[in-house]
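Chemist: Quick one: sequence plus predicted model below, questions after.
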Amino acid sequence: MKLSPTVSAPRRALLKGAVSAGLVAAAGKPLAQAAGTARRRVIVSTDIGGTDFDDFQSLVHLLLYSDMLDLEGMIASPWGEGRNRKQHLLSLISVYEQDYPKLRTWSPHYPAPERLRAISKQGGTDLAGPHGWGQATEGSSWIIERARSSDPRPLWVLLWGGFEDLAQALHDAPDIKGKLRVYMIGGPNKKWSTNAYDYIARTHPDLWIIENNASYRGWFTGGQQSGDLGNVSFVQQHVKGKGALGDYFTTIAPQIKMGDTPSLSYVLGANPEQPGAGGWGGRFVRAWDRPRVTFTAPPTEADVVETFAIVELVYRPAGAEPERAQATLVVDNQEFNGYRDAGGAWRFLFSPKEAKAWRYRIESNHPGLAGQTGGFTSRNAAPEQARHPSARYPNWWTDDPAPEFSVGPHQGAQTVSRWRAGFLRDFAARLLRAQAAAPAKL
């Protein structure tokens, strides 16, 4: 790319750096799509506005790369106390709008702000009940509408927060399943969306899905962290002052997390239909049977489950049940609702997000439940599990449990962190687009 002689020397150097950085990143080929490859259709479901700042950061990244895909939806998904998460999407689009004139000079494919507002949808405002689904939402209906479009390309659904809207869409329109490609950031999200996850795993085992419970941590853990590639130093040197989006990112948090971004980088890779191939969004193995353990008696720490498993606790309390009985499972000072089934048993679901010994207690107005306690131990999946892909889950992929691909306790994280220098350099180049318009062509 030649730079116009009318461009000032400092700006010429800045823009030349942006171009060369992008070319270096593309040379590694984990991100760059092959020439002639169809643009991928994408819907992002995000719990923006929750207790974690990383969704805001990942959305900034998404908008800067939005010229490389067909972004068909952004859904504000449920989590925590927030009721109207869509407002956060709209606020961020207003920030993007400030940089849009400059971004358009780099690529005509950046979506107009009014287009982004039109595809921003509100997802469910509560976590799913015991069935894993409930009432249709604007978000779940939008997934169905876009999946049923005449476009023959698969629809990639990136789950950055709750799984409720996807579960609802699959319940209401199971015919869309073959059109979907799902990349799920599990881990902590799975801990909160246990009912929705449980429904998807039990009722739709043939869904094409990547369940990333730990590999995503390689975006901010491990890899090259020295110099300007540290989580804090990168923001100070490459993000701050880079347009409205860069300043927004810096204000949200002065350090990198971006834990949901591997899903987007994966979709933008050369071989997204081949999860075992590897790239900036990770490399995955065929999933073994999805771990699910039911305890009909209070477990103890001697009882071992797999980390990220679904753990079901079943109690049949003695004594008369009060009117409007309620019960919650309390783990690490966090509460998870329990439900009474048709047979009178109370059921609680939990998913341990890390390997450790867990203790719980039950709080309830039912005297037969109040004060019940127990515990169990979770351990990371054994490496040999990868040698036993499940016939029941033919299209389900997950983190590689081999120890050589772990970063500390985080299985599979090295399949992302190994690319850290490449994906951060490329992101730095993208941020320069928000700072200055592309040079005029001769």
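Modeler: That came through, no problem.

Chemist: which residue ranges form the helices in the stretch 101-250 of the chain?
Modeler: For the stretch 101-250 of the chain, the helices defined by DSSP state H, counting those that start in this stretch cover 113-118, 138-147, 164-172, 188-192, 194-203, 231-234, 243-252.

Chemist: What residues sit buried inside the shortest one?
Modeler: Of the residues in helix 231-234, those scored as buried under the neighbour-count criterion (16 or more other C-beta atoms under 10 Å) are 231, 234. C-beta here means a position set from N, CA and C on the backbone, and glycine is covered the same way.

Chemist: related to what we said a few turns ago, comparing the helices of the stretch 101-250 of the chain, which comes out most buried?
Modeler: Most buried of these, by mean neighbour count (mean count of other C-beta atoms under 10 Å): helix 164-172, with a mean of 27.

Chemist: which other residues reach it?
Modeler: The contact list for helix 164-172 (C-beta atoms under 8 Å, 6 or more residues apart in numbering) reads 45, 75, 77-78, 123-124, 126-128, 132-137, 139-141, 143-144, 147, 157, 159, 176-177, 182, 193, 196-197, 199-200, 203-204, 207.

Chemist: Now tell me which helix or strand of this protein has the poorest mean pLDDT.
Modeler: Least confident element among the helices and strands of the chain, by mean pLDDT, DSSP states H and E: helix 9-28 (a mean of 43).

Chemist: State the next helix or strand along the chain beyond that helix.
Modeler: Where DSSP states H and E defines the elements, the next helix or strand beyond helix 9-28 is strand 41-46.

Chemist: Please save the CA atoms from that next one in PDB.
Modeler: Output of strand 41-46 as PDB, limited to C-alpha atoms (Å, rounded to 0.1, in the frame of the first residue of the first chain):
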ATOM      1  CA  ARG A  41     -22.600 -14.800   9.500                       C
ATOM      2  CA  VAL A  42     -22.400 -14.000  13.200                       C
ATOM      3  CA  ILE A  43     -24.800 -13.400  16.200                       C
ATOM      4  CA  VAL A  44     -23.200 -12.400  19.500                       C
ATOM      5  CA  SER A  45     -25.000 -13.000  22.800                       C
ATOM      6  CA  THR A  46     -23.300 -11.000  25.500                       C
END
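
Chemist: Report all helices and strands that it contacts.
Modeler: The contact analysis (3 or more C-beta pairs under 8 Å, 6 or more residues apart in numbering; DSSP states H and E) places strand 41-46 against helix 54-64, strand 70-76, helix 138-147, strand 155-159, helix 261-267.

Chemist: May I have the residues that are in contact with the closest residue to residue 319 other than its chain neighbours?
Modeler: Once flanking residues are discounted, residue 319 sits nearest to residue 368: 4.4 Å by C-beta to C-beta, 6 or more residues apart in numbering. Contact partners of residue 368, counting by C-beta under 8 Å, 6+ apart, are 315, 317-319, 321.

Chemist: Kindly recompute the last result at 6 Å.
Modeler: By C-beta atoms under 6 Å, 6 or more residues apart in numbering, the contact set of residue 368 is 317-319.

Chemist: Can you turn the buried part of the residues you listed into a PyMOL selection?
Modeler: The buried residues among those can be selected in PyMOL (16+ other C-beta under 10 Å) with this line:
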select buried, resi 317
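
Chemist: Looking at the contacts of residue 368, which are in strands?
Modeler: Judged by DSSP state E, strands contain none of the contacts of residue 368.

Chemist: Looking at the contacts of residue 368, which one is closest to residue 341?
Modeler: residue 317 (12.5 Å; C-beta to C-beta).

Chemist: My read is that the closest one contacts residue 369, right?
Modeler: Yes - using C-beta atoms under 6 Å, residue 317 is in contact with residue 369, at 4.8 Å.

Chemist: residues contacting residue 353?
Modeler: By C-beta under 6 Å, 6+ apart, the contact list for residue 353 reads 187-188, 191.

Chemist: out of the residues you listed, who's nearest residue 98?
Modeler: When the contacts of residue 353 are compared for distance to residue 98 (C-beta to C-beta), residue 188 wins out at 31.8 Å.

Chemist: out of everything not next to it in sequence, what's closest to that closest one?
Modeler: Nearest residue to residue 188 in three dimensions, chain neighbours excluded: residue 353, at 5.2 Å (C-beta to C-beta, 6+ apart).

Chemist: Over to residue 313?
Modeler: Closest residue in space to residue 313, ignoring its immediate chain neighbours: residue 348 at 4.4 Å, by C-beta to C-beta, 6+ apart.

Chemist: Just give the number of residues close to the one you found.
Modeler: For residue 348, the count of nearby residues is 23 (other C-beta atoms under 10 Å).

Chemist: repeat for residue 356
Modeler: Per other C-beta under 10 Å, the neighbour tally for residue 356 reads 13.

Chemist: Need phi/psi at it.
Modeler: phi -170, psi 180 (degrees, to the nearest 10).

Chemist: Okay, now the unreliable bits of the protein?
Modeler: Along the chain, the model assigns pLDDT under 70 to residues 1-36, 50-52, 78-83, 442.

Chemist: what residues are up against the spatially most central residue of it?
Modeler: The geometric centre of the chain, computed from its C-alpha atoms, lies nearest to residue 160 (C-alpha atoms, centre = their mean), at 2.8 Å. Residue 160 is in contact with 46, 55, 185, 260, counting by C-beta under 6 Å, 6+ apart.

Chemist: so the last one sits right up against residue 187, yeah?
Modeler: No - distance between residue 260 and residue 187: 10.9 Å, which falls outside the contact criterion (C-beta under 6 Å).

Chemist: Counting neighbours, go ahead and name the busier of the two.
Modeler: Legend: neighbour count by other C-beta under 10 Å for residue 260 and residue 187, higher for residue 260 (30 against 22).

Chemist: returning to what we had before: please give the element, helix or strand, for the residue nearest to residue 319.
Modeler: Assessed by DSSP H and E, residue 368 sits outside every helix and strand.
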